[in-house]
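Student: give the three-dimensional model of this entry:
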Amino acid sequence: MQKKDKEPIRVDERLAHIAFIMDGNGRWAQRRMMPREYGHKAGAANFKKVVRYCGNIGIKTVTVYAFSTENWSRPQREVEAILRLLNEYLDACEHDREAQDIRYRFIGDRSVLPADLQARIERVERVSAGRVLTLNIALNYGGRDEIVHACNALIAAGKKAVTAEDISSALYTADSPDPDLIVRTGGELRLSNFLLWQAAYAELYFTDVLWPDLSADDIDEAVRHFYARQRRYGGV
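Tutor: Presented below is the predicted three-dimensional model:
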């Protein structure tokens, strides 16, 4: 991931978790007169670079919106292409030596995924446990579904009344801090059902850059905007 000659970015404890809504793969491909699947392949390649760069500048947790609960409604060919890319990525997770410091966590409802894919995900999570950089991959994920899942889990555990802390502890992201910064590429200005509970006090950054084109300089710019803001958490 190439950078222009600027002052190096390095984050501190104020920016422990960055999340990305990876938007624009399809449009990126269409602008090149290519099928949407081509854009997803380019986006998957850039995703690896983005995660590595975030780790290099000191970010401890990265979350990416890979496949939403609504994405099943896309053309079957596109869905199949995304699932193939996921399988290829799992191969890399298991064999790529450059990724050996990454702890992989897949958040979302896995029950609808093929059994062999579920098994591979569980194996990658188990083998990578305890590593330095946590990467949460939101797969068949929806923010509203996550909250419903958390509430049902608490009811099943015998809870008659719940607190905000109870819900946080039952979310898919329970072992990660809430995101400090959420970056959405592709020019849209919405969260699209992503980390709805966890985003309560996150700083939001939107860019017109399409996901396959997101560069280190673009990430640096988002980080600079983050540090230029004052996070009051409802205070003065």
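
Student: same for the worst-scoring helix or strand of the chain on mean pLDDT, what does it pack against?
Tutor: Every helix and strand of the chain was ranked by mean pLDDT, DSSP states H and E. The lowest is helix 76-95, at a mean of 83. On a contact count with 3 or more C-beta pairs under 8 Å, 6 or more residues apart in numbering; DSSP states H and E, helix 76-95 meets helix 36-56, strand 61-68, helix 115-128. To be clear about C-beta, it is placed using only N, CA and C from the backbone, and glycine gets the same treatment.

Student: which helices and strands sit right next to the helix or strand just after the last one?
Tutor: Scanning forward in sequence from helix 115-128, with DSSP states H and E defining helices and strands, the next element found is strand 133-141. Secondary structure elements in contact with strand 133-141, counted by 3+ C-beta pairs under 8 Å, 6+ apart, are helix 36-56, strand 61-68, strand 102-107.

Student: state the distance from the closest residue to residue 176 other than its chain neighbours to residue 112.
Tutor: Distance criterion C-beta to C-beta, 6 or more residues apart in numbering; nearest residue to residue 176, sequence neighbours excluded, is residue 61 at 5.1 Å. Remark: distance between residue 61 and residue 112 (C-beta to C-beta, to the nearest Å) = 26 Å.

Student: more crowded one of those two?
Tutor: residue 61 (23 against 10; other C-beta atoms under 10 Å).

Student: next, the most far-flung residue of the chain relative to its centre: phi, psi?
Tutor: Centroid-distance maximum for the chain: residue 160 at 32.4 Å, with C-alpha atoms, centre = their mean. When read as degrees, to the nearest 10, the backbone of residue 160 gives phi -100, psi -30.

Student: neighbours around the spatially closest residue to residue 67 that is not a sequence neighbour, how many?
Tutor: Nearest non-adjacent residue to residue 67, counting by C-beta to C-beta, 6+ apart: residue 139, 5.1 Å away. Here the number of neighbours of residue 139 (other C-beta under 10 Å) works out to 23.

Student: is it true that residue 139 touches residue 104?
Tutor: No: under the criterion of C-beta atoms under 8 Å, residue 139 makes no contact with residue 104, lying 11.0 Å away.

Student: picking that back up, I'd like the distance between the residue farthest from the centre of the chain and residue 51.
Tutor: Residue 160 is 41 Å from residue 51, by C-beta to C-beta.

Student: could you do residue 65 as well?
Tutor: 13 Å.

Student: separation between residue 65 and residue 94?
Tutor: Distance from residue 65 to residue 94, by C-beta to C-beta: 23 Å.
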